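[1] Sequence first, then the predicted structure, then my questions.
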Amino acid sequence: MKIVFRMVVLAALAALGVWLWLVVFPDPEKAIRKRLNELAATVSYSPSQGNLARIAAVQRLAGYFGTNVEVNIDVPGRVQHTLVGREEITQTALGARAVVSSLRVKFPDINVTVAPDKQSAVADVTLDATIAGEADQLVQELKFTMQKIDGRWLITRVDTIRTLSWRPNTAAHHFEL
Amino acid sequence: MRETWGVTMQNEAGKPDAGEERLRLPGWLLIILIGRHPRKTLVRIVVFLVTCFVVFNFILLPIRVEGISMLPAEKDRSVNFVNRLAYLWHGPRRGDVVSIRLAGPHVMYLKRVIGLPGESVAFVAGRALINGQVLDEPYEKLPCDWNHPPIQLGPDEYFVVGDNRTMSWDDHTKGKATRDRIIGKALL
């Protein structure tokens, strides 16, 4: 009986150790997924969100990005713009909140590739955004380049991926019906 | 003495089993719920669940259509399935409605293949031209006035576009999709 009790205690201690290890040293892929899902929640907002909550969310948003982050937005039929630095991102986020009453962002698919040194990673992500006043959802593939800085995974670059590309040939012929 | 589920359960002394008395339901109801042979019913349920899991995760992906870009063939909020085995033996064919993955399988584009590898695709006065020849598109009920110069498709590229081309060129998602992005053919 005593041996059984000791075995149970040992197993419980081992489980606790594994759990603690995973909490202190999380798997980079899981940590990045969690971070990106938190980013989606921070970017999202509803019309009922107060001014203080709005400012707090925008300030939190800056914490997800590296100092010299570059965000290249190129969504066909919508916007084509490059944001550089945290400051520009926060200003753009504040401006968007003044124009669009609500935004719901989700990342339903996140594929993470971590570099062998485990200090940088690339995440291929599907963005699914519901924007107030627009009938259709915005669906876009994005590539996040991330780096581990001071123990935190920060976004250093965001690129828009053209899942369906349309690049006309330079020597285009014209056809007539 | 124990007979089958649903009839009076009695112990060896021929008296009703006190612990199982609460289980007693009308015989016909038990037969409907669990059948005459509970073990066989359990096996059938397990087989059914495993089959559903395999079929709907790896063979026929259930999808809900969002948006109007495939009207009138695919209506907004309609339900369909993607057959992942459709292109096991051959590649996508012209006219097929296919699903194209983005970063993963949870959100996909549903578009029609109009251009095959190696072909050139252009739009003139709303008509699609393949290698300079007008493409007959009986599924296109909502005409457009698109004009765009031709693009050449690579050996592994397909040109996909929605059926509803009433929206402007920029608002409509279309273009070249590589073969590895096409995950299956719409079933319905």
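    Perfect, I can see it now. Please read these numbers as outputs of a predicted model, since none were measured by experiment.
[2] who's in contact with residue 37?
    Because you didn't say which chain, this covers chain A. When contacts are counted by Cβ atoms under 8 Å, 6 or more residues apart in numbering or on different chains, A:N37 touches A:107, A:110. (C-beta placed from N, C-alpha, C; glycine too.)
[3] can you give me the helices in chain B?
    B:27-34, B:38-54 (DSSP state H).
[4] Just want the angle from the shortest one to helix B:38-54.
    Spelled out, that is helix B:27-34. Counting by axes from the mean of the first three to the mean of the last three Cα atoms, to 10 degrees, helix B:27-34 lies at 30 degrees to helix B:38-54.
[5] If you count neighbours, what's buried in helix B:27-34?
    Buried positions in helix B:27-34, judged by neighbour count with 16 or more other Cβ atoms under 10 Å in any protein chain shown: B:30, B:34.
[6] What of the longest one?
    Burial within helix B:38-54, assessed by neighbour count using 16+ other Cβ under 10 Å, is assigned to no residue.
[7] Show me what from chain B comes close to chain A.
    With Cβ under 8 Å from any Cβ of the partner chain as the criterion, chain B comes near chain A at residues B:66-68, B:100, B:102-107, B:109, B:111, B:120, B:122, B:124-125, B:127, B:129, B:132, B:134, B:148-152, B:160, B:168, B:170-177, B:181.
[8] and the residues you listed, which are buried?
    Using 16+ other Cβ under 10 Å, the buried members of the residues of chain B next to chain A are B:67-68, B:100, B:102-105, B:107, B:109, B:111, B:120, B:122, B:124, B:127, B:129, B:148-152, B:160, B:172-177, B:181.
[9] Kindly list the longest helix within chain A.
    If you go by DSSP H, chain A has its longest helix at helix A:2-24.
[10] Show me what that one is packed against.
    Helices and strands touching helix A:2-24, as assessed by 3 or more Cβ pairs under 8 Å, 6 or more residues apart in numbering or on different chains; DSSP states H and E, are absent.
[11] got any ranges where chain B has weak pLDDT?
    Low-confidence segments of chain B (pLDDT under 70): B:1-23.
[12] can you dump the C-alpha coordinates of the longest strand anywhere in it into PDB?
    Ranked by number of residues, the top strand in chain B under DSSP state E is strand B:108-115. Output of strand B:108-115 as PDB, limited to C-alpha atoms (Å, rounded to 0.1, in the frame of the first residue of the first chain):
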ATOM      1  CA  MET B 108     -11.400  28.200 -48.800                       C
ATOM      2  CA  TYR B 109     -12.300  29.900 -52.000                       C
ATOM      3  CA  LEU B 110     -14.900  28.200 -54.200                       C
ATOM      4  CA  LYS B 111     -14.300  29.100 -57.900                       C
ATOM      5  CA  ARG B 112     -14.800  27.700 -61.400                       C
ATOM      6  CA  VAL B 113     -11.800  26.500 -63.500                       C
ATOM      7  CA  ILE B 114     -11.800  28.200 -66.800                       C
ATOM      8  CA  GLY B 115      -8.100  28.000 -67.800                       C
END
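[13] Quick check: can you name the pairing partners of that strand and their directions?
    Here strand B:108-115 has these sheet partners by DSSP bridges: strand B:97-101 (antiparallel), strand B:157-161 (antiparallel).
[14] got a list of contacts for the helix or strand hosting A:E70?
    Per DSSP states H and E, A:E70 falls inside strand A:65-74. With Cβ under 8 Å, 6+ apart as the test, strand A:65-74 has contacts from A:79-86, A:89, A:147, A:149, A:154-160, A:162.
[15] Then stretch B:160-171?
    For stretch B:160-171, using Cβ under 8 Å, 6+ apart, the contacting residues are A:76-77, A:164, B:68-74, B:98, B:100, B:109, B:111-115, B:126, B:128, B:139-144, B:146, B:148, B:172-177.
[16] give me that answer again for 6 Å
    A:76-77, B:68-71, B:73, B:111-114, B:139-140, B:142, B:144, B:146, B:174, B:177 (Cβ atoms under 6 Å, 6 or more residues apart in numbering or on different chains).
[17] Among these, the buried ones, what's the ChimeraX command?
    Selection of buried members from these for ChimeraX, criterion 16+ other Cβ under 10 Å:
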select /A:76 /B:68,69,70,71,73,111,112,113,114,140,144,146,174,177
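[18] Please enumerate the strands of chain A.
    For chain A, applying DSSP E gives strands covering A:65-74, A:80-84, A:103-114, A:120-131, A:138-149, A:152-161.
[19] Figure out which of those strands is closest to A:I55.
    strand A:103-114 (15.9 Å; Cβ to Cβ).
[20] Work out the gap between the closest one and the centre of the chain.
    Distance, stretch centre to chain centre, for strand A:103-114: 6 Å (Cα atoms, centre = their mean, to the nearest Å).
[21] Just send the helices of chain B back as a markdown table, with distance to B:R94 too.
    Listed next are those as a markdown table, based on distance: least, Cβ to Cβ, whole Å:
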| stretch | distance to B:R94 |
| --- | --- |
| helix B:27-34 | 50 |
| helix B:38-54 | 31 |
